[in-house]
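can't give you the sequence, but here's the structure:
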């Protein structure tokens, strides 16, 4: 079953019994996302009687407004223009379907080989390294994740390798206290790689299951800081050849085009394996997920949907797209 | 640095026009499309872009461009005018209360940089206005937010008032203000927790703090990397709190900073400061006119000069001028100058403030490794005193020795000596007031001309300011 069909089924209510708590959470977190994106498109269709140049310019704007990324927006608009010409579509409804089909297939094309799950070590400790620019929510994500694994009964260790920002160590230690997890720390301004080294040693010798490494936020164009990050990653790999199992780039969902540069630069320095999309509850648009897929080729693995401890979720592509296009796709019965 | 992509695109679009003597309406339309895409790509809000392009188009299609002999320049001028108009004409000072204390409150989303900016602002007030600020830690939600402010306070030697996390923020602010009144602090800075503009409960809390403290300044802190969402954030906070100004943070990244344009045009509130680095001194006043010249590749000489004035040791600069005049510039001075430049901040930022440099393709992706300057220094340190003073001495054997001594490859030593000689030549010219040799340096054509224009105006403005300063000095005596 194609993705689009699956989606239609979801909307038609055939899979309603599957509406789990998980899904409701998504719906709630994305309420704002969905309303805006879906409504905006509907609004666009309502405003235009015919499909012409101006329509596509408008569509381009709507897509950009939804933060789907500049290139993606232009690409979609151009491809659609072709298709509409080819199929000689006049009816608005057909165009509307063509657009959604396009978006979904675009989303799907990049995602067929995508792996949204987190990976763990076969034996010995698993290491997750968190990287990202300042203020995206790395420490908070670690706190939430530590809580989750603690609940699952795993032995979790945190490494406070953000020795730069004032209060960052205390922030992680406070998280450690709340979720009852041990934190490896050194005084402020000490070498972050040294903290990581100690943490890895401890994780090895004391049989921890999971080590979560917090790093200082750094803007991707700062050469020295990026080199420091490279060193941290090397130290981990030297001590544990298969680690880090995941290098997770935390991205603020409200970030614009710069998110793409961030991903590129961080990917160059550390082998980023996935993305944590934070503050998704705050943005009116979830379009950034499309941009990330199409332009970054990095899977989104976790999403932050709120401030509470259990507001960190595994990324569910189907549910996400469901949330994004709800109200746009009509039930298949009417169409067929 | 912000806005480079914008600059490049605009320059390209307008460059196409330049080849034409006369332009038609269709040409204008094409340029407008480029401008539109450039602004959208820079994260400027689409509605703002729409309005902006419309205004520019109307003016461009009017007689003033089509019939002028230099249409390209006319369009640049219109874009520049309009950009400046959107961003505000002049830098806006911090509001000040008639009687102490002046109360400043920071608001914004999570992770925008409120606490860091608050610390920077306190230090700035302390350094520039001899203020005795008090910071109030009213972020009780994020773990260790209070610790962060306290650590910052300690490092800049500014007192912090906190009551832990069990008291309501409103109560903390009340007690903090009482303390400030008692201690006669002239500035009170309130740090609040990050929150979403749609979070009614938390927004209400801010409103309560506002009613209680009656702040003279409510600064909305916004991450310069924010995308289209910036408009909603700015609108949300502005409608509920009526903010008085905006601080744009993390502008030292490679974001294009279109958020600046959006926020300004949606709220009409001035951007007062920009955060450009992790050090506590990295908070600058926002100059809209300078920003729009930067967009157009006219460079930001004023900021550069101000930076130099701040960080340069006056005496040393004077000695340097003497040397330049006598053309006795040697390696000791070279090193000295390197150190002065290093003090001003990352090299790539400085270079990009020079007119015409921001959109020079050779520099576009320039990343100067701060180590490079250290390497240069190592080379000089491996020279004898005699060699440093007399650069003509270098023969291959000496060069080899220096390379071995500094641990740098010999070609690097050669290159450096060559660069040094060129620099020396240029210095001779500059000190005689001859800029001709440098023209080529700033690229050619439009940007070159613009660069010269802005360089001249910069020189004039600088002179004026200097006269003013001298006058003030006399008056004080």
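Looks like it came in fine. Note that the structure is predicted; figures quoted are calculated from it, not measured.

Would you mind giving the domain segments of chain B?
Domain assignment for chain B by automatic domain parsing gives B:4-87, B:102-296, B:302-444.

So which of the ones you listed is nearest chain A?
Chain A lies closest, by C-beta to the nearest C-beta, to one member of the domains of chain B: domain B:102-296, at 2.5 Å. For every residue, glycine as well, the C-beta is placed using N, CA and C.

Just want the phi and psi numbers for whatever residue of the stretch 1-150 of chain A ends up closest to chain B.
The stretch 1-150 of chain A approaches chain B most closely through residue A:135 (2.9 Å), counting by C-beta to the nearest C-beta. With angles defined as degrees, to the nearest 10, residue A:135 sits at phi 70, psi 20.

and it, how many neighbours?
By other C-beta atoms under 10 Å in any protein chain shown, the residues close to residue A:135 number 27.

What sits closest to it if chain neighbours are left out?
residue B:111 (2.9 Å; C-beta to C-beta, 6 or more residues apart in numbering or on different chains).

next one: residue B:399
In space, residue B:399 is closest to residue B:413, 5.3 Å off (C-beta to C-beta, 6+ apart).

Would you agree the one you found falls within a helix?
Yes: Residue B:413 sits within a helix when classified using DSSP: H, G, I helix; E, B strand; the rest coil.

quick one, what contacts it?
B:379, B:399, B:402, B:403, B:406 (C-beta atoms under 8 Å, 6 or more residues apart in numbering or on different chains).

which strands and helices sit next to the helix or strand the third one falls within?
What it means is residue B:402. Using DSSP states H and E, residue B:402 sits in helix B:396-406. Packing contacts for helix B:396-406, counted by 3 or more C-beta pairs under 8 Å, 6 or more residues apart in numbering or on different chains; DSSP states H and E, involve helix B:370-381, helix B:410-431.

swap the cut-off to 10 Å and go again
helix B:370-381, helix B:385-389, helix B:410-431 (3 or more C-beta pairs under 10 Å, 6 or more residues apart in numbering or on different chains; DSSP states H and E).

If you count neighbours, what's buried in it?
B:399, B:402, B:403, B:406 (16 or more other C-beta atoms under 10 Å in any protein chain shown).

And the strands in chain A, which stretches?
A:126-131, A:156-161, A:182-184, A:210-215, A:246-252, A:274-278, A:300-304, A:312-314 (DSSP state E).

do the same with chain B
Taking DSSP E as the criterion, chain B carries its strands at B:102-108, B:133-138, B:160-161, B:187-192, B:217-223, B:245-249, B:271-275, B:283-285.

Sheet-wise, list the partners of the last one with their directions.
Based on DSSP bridges, the pairing partners of strand B:283-285 within the sheet are strand B:271-275 (antiparallel).

Please apply the same query to the fifth one.
Each strand paired with strand B:217-223, and its direction, by DSSP bridges: strand B:102-108 (parallel), strand B:245-249 (parallel).

on that earlier part again, include distance to residue B:268 when you put the helices and strands packed on helix B:396-406 into CSV, please.
Putting the helices and strands packed on helix B:396-406 into CSV (distance: least, C-beta to C-beta, whole Å) gives the following:
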stretch, distance to residue B:268
helix B:370-381, 40
helix B:385-389, 57
helix B:410-431, 43
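
lowest average confidence, helix or strand, in the chain?
In the absence of a named chain, chain A is used. helix A:332-335 (a mean of 37; mean pLDDT, DSSP states H and E).

my question was about chain B
Bottom-ranked secondary element of chain B by mean pLDDT, DSSP H and E: helix B:436-439, a mean of 43.

which residues touch the residue nearest to residue A:135?
A:132-140, A:217, A:250, A:252, A:254, A:278-279, B:142, B:194, B:221, B:223, B:249-250 (C-beta atoms under 10 Å, 6 or more residues apart in numbering or on different chains).

let's go with 8 Å and repeat that
With C-beta under 8 Å, 6+ apart, residue B:111 has these contacts: A:134, A:135, A:136, A:137, A:252, A:279, B:194, B:223.

I'd like to know how many residues surround the nearest residue to residue B:146 once chain neighbours are set aside.
Nearest residue to residue B:146, sequence neighbours excluded (C-beta to C-beta, 6+ apart): residue B:137, at 4.4 Å. Residue B:137: 28 surrounding residues under other C-beta under 10 Å.

same deal with residue B:251?
Residue B:251, neighbours per other C-beta under 10 Å, totals 26.

Ignoring the adjacent residues along the chain, who's closest to residue A:167?
Nearest non-adjacent residue to residue A:167 (C-beta to C-beta, 6+ apart): residue B:148, at 2.6 Å.

doesn't residue A:166 make contact with that neighbour?
Yes: counting by C-beta atoms under 8 Å, residue A:166 is a contact partner of residue B:148 at 4.8 Å.

follow-up on the earlier one: now, the most widely separated pair of the contacts of residue B:413?
Farthest-apart pair in the contacts of residue B:413 is B:399 and B:406; separation 10.8 Å (C-beta to C-beta).

thinking residue B:160 is in contact with residue B:149, fair?
Yes: the pair residue B:160 and residue B:149 passes the contact test of C-beta under 8 Å, sitting 5.4 Å apart.

Quick check: neighbours shared by the two?
Joint contacts of residue B:160 and residue B:149 (C-beta under 8 Å, 6+ apart) are B:135, B:137.

Those two - which one has more neighbours?
residue B:149 (29 against 22).

per-residue pLDDT, the closest residue in space to the more buried one that isn't next to it in sequence?
Nearest non-adjacent residue to residue B:149, counting by C-beta to C-beta, 6+ apart: residue B:137, 4.5 Å away. You'll see residue B:137 listed with a pLDDT of 95.

do the same with residue A:303
88.

beta partners of it?
Beta-bridge pairing of residue A:303 under DSSP bridges involves residue A:277, residue A:313.

My read is that it contacts residue A:317, right?
No: with contacts counted by C-beta under 8 Å, residue A:303 stays clear of residue A:317, the gap being 10.7 Å.

With neighbour numbers in mind, choose between those two.
Under the neighbour definition other C-beta under 10 Å, residue A:303 and residue A:317 were set side by side, and residue A:303 has more, 26 against 17.

contacting residues for the more buried one?
Here residue A:303 is in contact with A:29, A:276, A:277, A:278, A:280, A:312, A:313, A:314, A:315, A:320 (C-beta under 8 Å, 6+ apart).

do residue B:102 as well
B:94, B:95, B:96, B:186, B:187, B:188, B:216, B:217.

Including pLDDT, distance to residue B:281 and neighbour count, could those go into JSON lines?
Formatted as JSON lines, the contacts of residue B:102 follow (pLDDT from 0 to 100; distance: C-beta to C-beta, whole Å; neighbours: other C-beta atoms under 10 Å in any protein chain shown):
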{"residue": "B:94", "pLDDT": "89", "distance to residue B:281": "17", "neighbour count": "19"}
{"residue": "B:95", "pLDDT": "89", "distance to residue B:281": "22", "neighbour count": "16"}
{"residue": "B:96", "pLDDT": "89", "distance to residue B:281": "22", "neighbour count": "12"}
{"residue": "B:186", "pLDDT": "93", "distance to residue B:281": "21", "neighbour count": "18"}
{"residue": "B:187", "pLDDT": "94", "distance to residue B:281": "17", "neighbour count": "26"}
{"residue": "B:188", "pLDDT": "95", "distance to residue B:281": "21", "neighbour count": "26"}
{"residue": "B:216", "pLDDT": "95", "distance to residue B:281": "24", "neighbour count": "18"}
{"residue": "B:217", "pLDDT": "95", "distance to residue B:281": "20", "neighbour count": "20"}
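
In JSON lines: the contacts of residue A:303, plus neighbour count and pLDDT.
Shown next, in JSON lines, are those (neighbours: other C-beta atoms under 10 Å in any protein chain shown; pLDDT from 0 to 100):
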{"residue": "A:29", "neighbour count": "22", "pLDDT": "55"}
{"residue": "A:276", "neighbour count": "27", "pLDDT": "92"}
{"residue": "A:277", "neighbour count": "28", "pLDDT": "90"}
{"residue": "A:278", "neighbour count": "28", "pLDDT": "90"}
{"residue": "A:280", "neighbour count": "28", "pLDDT": "82"}
{"residue": "A:312", "neighbour count": "22", "pLDDT": "89"}
{"residue": "A:313", "neighbour count": "20", "pLDDT": "85"}
{"residue": "A:314", "neighbour count": "13", "pLDDT": "87"}
{"residue": "A:315", "neighbour count": "21", "pLDDT": "83"}
{"residue": "A:320", "neighbour count": "22", "pLDDT": "70"}
